[in-house]
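Participant: Give me a 3D structure for the following:
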Amino acid sequence: MPFPSSVLFCCDHNAIRSPMAEGMMKKFYGQRAYIQSAGVKNDLDIDGFAVAVCNEIGVTLEAHRTRSFEDMHNWGDDLSSFDLIVALSPASQRQALELTRLFHLDVEYWPIMDPAGMAETREAKLRSYRQTRDQIRDRMLDRFGPPGHVA
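Facilitator: Residues are numbered from 1 along each chain as shown. Below you'll find the predicted structure:
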């Protein structure tokens, strides 16, 4: 598949999975594509554990501000302008398919674990978040090739 010129990652709240994906895509592939992320809802801030585990691999998320599909629409961002939408949760896949039914664009579903609430201790939570980060990274490398490589 050709390397897309624009990618939107989406999940439920734009607080964990889709910001991780947005940050990693920007880090791995630079300016090769326009990258954004959104959530079905915008009711949470960026998750501190997501920030911590991404910092471990040199991906900075501290400045990320969560946004929803509705926020994107209100700000004039048109979903039809993206070549590819990657949904990281079932709810975001449904929302993306609903919002793009009139447009010809690709929506891919990557079933990525939501680490929120999966563990009790700090170390166990970090392990869960690292697992999610690594799932996203592995899918990204499989789909788009090694960093610095254009398929």
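
Participant: quick one, which residue of this structure lies the farthest from its center?
Facilitator: Here the centre of the chain is the reference, and by Cα atoms, centre = their mean the most remote residue is residue 121, at 25.3 Å.

Participant: give me phi/psi at that residue?
Facilitator: phi -90, psi 160 (degrees, to the nearest 10).

Participant: Please save the CA atoms from the longest helix seen in the chain in CSV.
Facilitator: Among the elements of the chain assigned as helix by DSSP state H, the one spanning the most residues is helix 122-144. Provided in CSV are the C-alpha atoms of helix 122-144 (Å, rounded to 0.1, in the frame of the first residue of the first chain):
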residue,chain,number,x,y,z
ARG,A,122,1.9,2.0,39.4
GLU,A,123,4.3,-0.6,38.0
ALA,A,124,1.4,-2.8,36.8
LYS,A,125,-0.2,0.2,35.2
LEU,A,126,3.0,1.2,33.5
ARG,A,127,3.3,-2.4,32.2
SER,A,128,-0.2,-2.2,30.7
TYR,A,129,0.5,1.1,29.1
ARG,A,130,3.8,-0.1,27.7
GLN,A,131,2.0,-3.1,26.2
THR,A,132,-0.5,-0.8,24.5
ARG,A,133,2.3,1.5,23.2
ASP,A,134,4.1,-1.5,21.8
GLN,A,135,1.0,-2.9,20.2
ILE,A,136,0.6,0.4,18.4
ARG,A,137,4.2,0.6,17.4
ASP,A,138,4.2,-2.9,16.0
ARG,A,139,1.1,-2.3,13.9
MET,A,140,2.5,1.0,12.7
LEU,A,141,5.8,-0.6,11.6
ASP,A,142,4.0,-3.5,9.9
ARG,A,143,1.7,-1.0,8.1
PHE,A,144,4.1,1.8,7.2
